[in-house]
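Asker: Here you go, sequence then predicted model.
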Amino acid sequence: MYVSVKGGEQAIDAAHTWQAALRRGDAAVPEVSITQLREQLGLAVDRVMAEGACADPELAAQALKQARGDTTEAAFLLRAYRNTLPRLGASLPMDTGAMRVERRISATYKDLPGGQVLGPTFDYTHRLLEFAAPIAAPPVEATEPAAAMPRVSDVLAREGLMARDAPSDAEPADITRDGLRFPADRSLRLQAMARGDEGFLLAMGYSTQRGYGNAHPFVGEIRIGAVSVEIVPPELGFAIDIGEITVSECQMVNQFAGNAEAPPQFTRGYGLVVGRNERKAMAVALVDRAQRAPELGEDVKAPAQDAEFVLYHCDNVESTGFVEHLKLPHYVDFQSELEKLRSLRARWEAERAS
Amino acid sequence: MAVLARADREALRAALADGAPLPGWTRLRGPETGLLMLRGRMGGDGQAFNLTETTITRCTVSMDGRMGHATVLGRDAAHAELAAAIDAAMQDAAFRETLRQRVIEPLAAAQEAARARDARRAEATRVRFHTMAAMR
């Protein structure tokens, strides 16, 4: 129970002024611009875009600046802002197979059509702090462009060894309209995880590897790059291309023993995240596969397989709201707890004395 | 329309700068900014699902009785309006060819060059495996 408490306005104003001064930092140091954040801290901006559930790099960079680099606070700001905008429609499903790939790797096939394309990556770096300013050399260019890159899952599917996801344009669930409902279908789970907290999902994915969920995954494919966004405006009645958006996609391949209806084959966990974030795409793919346990007739025993547990707790804006609400005045609740404890204590002491 | 949407406001203004100005237009709708739900497919090729929202700006204009439409990613109202105006003007035979030469083709060429550059950068990071000779 909360009681309205008056007073504190001046304290709040002063607190916010101090916060703003700390945000600016030492006035002798040049202020960082939103454009600088977007260009130079792009992966932090991408994380805020994903968790703020609004793919707009400028807005995400602005939120990151306003939040002093606190990505959860920035995601909260972005969610709040997107609530002020009208929904104008939905895109056609994006075709990640037609992605302009900047990175595509597979841990299951060394020689696959299009090859292993590393793209910009921290892999293979020594993780040593570079105290000398890094040399900003222009990226190396080959004489030929990269070749077309079919999906690894298509290669396996052609052999009949990969369970296919039936294409369907059925209207998917939408967490922004309907909230979370259980049992959550796969479309709702993938949407919830796409906006979920990267750290939480990483831990959940990791738990499946450590034995909580019996996963033996292979990275069938990770691809990062730009995909076209197409819409069908009602005034035109045909599809138009309105630009490109960068996404990260991961296909995890897991063995499946088969059952009465389906032969032994590989099954997939799928992760799709807006921006460049392969760690999160991998984590989502691991958790997605874990949560397909009921549909594949596997036992649901581990936390990552429990859709209610994962989906109710993966949203950091919601989590932070409930955890941080504990800071609000609970004076009356606590008074009643105090009274109760005092009377219990008095009874306990009386019983001990007698 | 894809070329105009993928350009930005400054590129459109610059492309229009060296020729005869566009006829005047009136706004019929917008420019208005809102959200578009981006959809993906499970496994890349399965059932559609909602991934996340993004910002878009759309505009419809009328120019000498011809309607022009544009929708662009982001929140730049001037970009959407200019793209809609060019879309309207391109329906006029008097403007179509000059706009194609002055605006669409150079922008398309620049966008294609950027795509080709990215594809060459990606290719430069493709791993060339060498088979290791067995040590004896």
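Answerer: Everything's here; your move. Numbering: from 1, shown residues only, chains lettered A, B, ... in the order given.
Asker: And A:Ser187, how far from A:Ile175?
Answerer: Here the criterion is Cβ to Cβ, to the nearest Å. By it, A:Ser187 lies 10 Å from A:Ile175. Every residue, glycine included, has its C-beta placed from N, CA and C.
Asker: out of these two, which sits in the busier spot?
Answerer: Looking at A:Ser187 and A:Ile175 with other Cβ atoms under 10 Å in any protein chain shown, you find the greater number of neighbours at A:Ser187, namely 25 against 20.
Asker: In three-state terms, label that one for me.
Answerer: For A:Ser187, the secondary structure call by DSSP: H, G, I helix; E, B strand; the rest coil comes out as helix.
Asker: which residues do A:Ser187 and A:Ile175 both contact?
Answerer: Shared contacts of A:Ser187 and A:Ile175, defined by Cβ atoms under 8 Å, 6 or more residues apart in numbering or on different chains, comprise B:Asn50.
Asker: Need the pLDDT of the spatially closest residue to A:Arg38 that is not a sequence neighbour.
Answerer: Closest residue to A:Arg38 in three dimensions, ignoring its sequence neighbours and counting by Cβ to Cβ, 6 or more residues apart in numbering or on different chains: A:Ala61, at 4.1 Å. Looking at A:Ala61, its pLDDT stands at 98.
Asker: Thought A:Gly225 was touching A:Arg100, still the case?
Answerer: Yes: at 4.9 Å, A:Arg100 counts as touching A:Gly225 under the criterion of Cβ atoms under 8 Å.
Asker: what about B:Arg121, distance to A:Gly119?
Answerer: 8 Å.
Asker: Helices of chain B, residue ranges please.
Answerer: Along chain B, counting by DSSP state H, helices occupy B:2-6, B:9-17, B:77-89, B:93-99, B:105-124.
Asker: of all those helices, which gets the most neighbours per residue?
Answerer: Per-stretch averages of neighbours, counted by mean count of other Cβ atoms under 10 Å in any protein chain shown, single out helix B:77-89 among the helices of chain B, with a mean of 25.
Asker: In chain B, what residue lies closest to chain A?
Answerer: Of all residues in chain B, B:Gly46 sits closest to chain A, at 2.4 Å by Cβ to the nearest Cβ.
Asker: Contact partners for the residue nearest to A:Arg38?
Answerer: With contacts defined as Cβ under 8 Å, 6+ apart, the neighbours of A:Ala61 are A:Ile34, A:Thr35, A:Leu37, A:Arg38, A:Leu41, A:Val45, A:Val48.
Asker: residue contacts, B:Thr52?
Answerer: The contact partners of B:Thr52, by Cβ under 8 Å, 6+ apart, come to A:Met49, A:Ala50, A:Ala53, A:Cys54, A:Ala55, A:Gln191, A:Ala194, A:Arg195, A:Val274, B:Met37, B:Leu38.
Asker: The residues you listed, buried ones only, as a PyMOL selection?
Answerer: Applied in PyMOL, the following selects the buried portion of the contacts of B:Thr52 according to 16 or more other Cβ atoms under 10 Å in any protein chain shown:
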select buried, (chain A and resi 49+50+53+54+55+191+194+195+274) or (chain B and resi 37+38)
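Asker: picking that back up, quick check: the two most widely separated of the contacts of A:Ala61?
Answerer: For the contacts of A:Ala61, the maximum inter-member distance is 15.4 Å, found between A:Thr35 and A:Val48 (Cβ to Cβ).
Asker: who's more crowded, these two?
Answerer: Here A:Thr35 and A:Val48 are set side by side on neighbour count (other Cβ under 10 Å), and the busier one is A:Val48, at 32 against 11.
Asker: The more buried one and chain B: what is the separation?
Answerer: Computed with Cβ to the nearest Cβ, to the nearest Å, the distance linking A:Val48 and chain B is 12 Å.
Asker: Could you double-check that that residue lies in contact with A:Ala63?
Answerer: Yes: between A:Val48 and A:Ala63 there is a contact under Cβ under 8 Å: 5.8 Å.
Asker: any common contacting residues for these two?
Answerer: A shared contact of A:Val48 and A:Ala63, defined by Cβ under 8 Å, 6+ apart, is any residue touching both; here these are A:Ala74, A:Ala75, A:Leu78.
Asker: For these, please prepare a markdown table with the additional fields secondary structure.
Answerer: As requested, these are exported to a markdown table (three-state DSSP):
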| residue | secondary structure |
| --- | --- |
| A:Ala74 | helix |
| A:Ala75 | helix |
| A:Leu78 | helix |
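Asker: Mind putting those into a markdown table with distance to A:Ala107, neighbour count and pLDDT?
Answerer: Formatted as a markdown table, these follow (distance: Cβ to Cβ, whole Å; neighbours: other Cβ atoms under 10 Å in any protein chain shown; pLDDT from 0 to 100):
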| residue | distance to A:Ala107 | neighbour count | pLDDT |
| --- | --- | --- | --- |
| A:Ala74 | 33 | 27 | 98 |
| A:Ala75 | 30 | 28 | 97 |
| A:Leu78 | 33 | 26 | 97 |
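Asker: From those residues, pick the one nearest B:Arg96.
Answerer: Within those, proximity to B:Arg96 (Cβ to Cβ) peaks at A:Leu78, which comes in at 41.1 Å.
Asker: what separates the closest residue to that closest one other than its chain neighbours from B:Ile56, distance-wise?
Answerer: Nearest residue to A:Leu78, sequence neighbours excluded (Cβ to Cβ, 6+ apart): A:Gly52, at 2.8 Å. According to Cβ to Cβ, A:Gly52 stands 16 Å off from B:Ile56.
Asker: same check, this time on A:Arg100
Answerer: 20 Å.
Asker: which of the two has more neighbours?
Answerer: Counting neighbours by other Cβ under 10 Å for A:Arg100 and for B:Ile56 shows that B:Ile56 has the greater number, 26 against 16.
Asker: confidence score at that one?
Answerer: Looking at B:Ile56, its pLDDT stands at 97.
Asker: Could you check what's spatially nearest to it, not counting adjacent residues?
Answerer: Nearest residue to B:Ile56 in three dimensions, chain neighbours excluded: B:Leu36, at 4.5 Å (Cβ to Cβ, 6+ apart).
Asker: what's the burial count for A:Ala136?
Answerer: Using other Cβ under 10 Å, A:Ala136 has 5 other residues around it.
Asker: Give me the secondary structure label for it.
Answerer: A:Ala136 - assigned by three-state DSSP - is coil.
Asker: Now do the helix or strand hosting A:Gly271: which elements does it pack against?
Answerer: Remark: A:Gly271 resides in strand A:265-274, with elements defined by DSSP states H and E. In terms of contact count using 3 or more Cβ pairs under 8 Å, 6 or more residues apart in numbering or on different chains; DSSP states H and E, strand A:265-274 is assigned the packing partners helix A:42-51, helix A:186-194, strand A:240-256, helix A:278-291, strand B:48-63.
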